[in-house]
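Q: okay, predicted coordinates and the sequence, questions at the end:
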Amino acid sequence: MRATLPAPTDVSSPVAQSEVVFTTPAHHAEKRGVKTYRILARLLLGALAVQLFFAGLGVFSVTSFLPHAILGTIIVLASFALPIVAWRGHLGSAILRRSWLLVGLMLVQGLLIDAGRILPVISALHPVNAMLLVLVTYGLTRRAI
């Protein structure tokens, strides 16, 4: 919430009136929320890039899939911070919905691995969902303005 008041001017001054902007604590909290949200979304996007690298290491037998599995768990847990920050920072319902969409896609990502143990062809959707995760996360880094 911003309040604007005309600035006091000297009567003899030919300078046009300007405005002084007073901000409220809620406005500062919103700005902090946007900044925090953007940092978290960018960190998640970077972590997803590292996650893809770890997957490549596992696929080409450079190492096991253990780093991929560990980082994946951390990313899923960290994704829950985005809707919380969006809600507390009053960032709008569109960003809040997309943040929850990201959390849902993260949970589906883990379920695809578990379902793939029952029906292996379902595991093929794991990299497809990973592309969606990157796309949605990138959108969130660009959207939170």
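A: Noted; the coordinates are in hand.

Q: would you mark the buried spots in the helix or strand Q51 falls within?
A: In this assignment (DSSP states H and E), Q51 forms part of helix 25-59. For helix 25-59, burial by neighbour count (16 or more other Cβ atoms under 10 Å) applies to 30, 33-34, 36-38, 40-41, 44-45, 47-48, 51-52, 54-55, 58. Any C-beta I mention is one placed from the backbone N, CA and C, and that applies to glycine too.

Q: tell me what it is packed against?
A: On a contact count with 3 or more Cβ pairs under 8 Å, 6 or more residues apart in numbering; DSSP states H and E, helix 25-59 meets helix 66-79, helix 81-88, helix 125-143.

Q: TSV please, covering these and showing mean neighbour count.
A: Listed next are the helices and strands packed on helix 25-59 as TSV, based on neighbours: other Cβ atoms under 10 Å:
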stretch	mean neighbour count
helix 66-79	15
helix 81-88	19
helix 125-143	16
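
Q: low-confidence ranges in this protein?
A: Scanning the chain with the threshold set as pLDDT under 70 gives 1-30, 144-145.

Q: thinking again about what came up before, who wins for proximity to M106 among the helices and strands packed on helix 25-59?
A: Comparison of the helices and strands packed on helix 25-59 against M106 by Cβ to Cβ identifies helix 66-79 as nearest, at 4.5 Å.

Q: got the angle for that closest one vs helix 25-59?
A: For helix 66-79 against helix 25-59, the angle by axes from the mean of the first three to the mean of the last three Cα atoms, to 10 degrees is 160 degrees.

Q: so which of the helices and strands packed on helix 25-59 is nearest L101?
A: Within those, the stretch nearest L101 is helix 125-143; the backing value is 6.1 Å (Cβ to Cβ).

Q: thinking again about what came up before, can you list the helices and strands packed on helix 25-59 in CSV and add distance to L112?
A: Converted to CSV, the helices and strands packed on helix 25-59 look like this (distance: least, Cβ to Cβ, whole Å):
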stretch, distance to L112
helix 66-79, 11
helix 81-88, 21
helix 125-143, 5
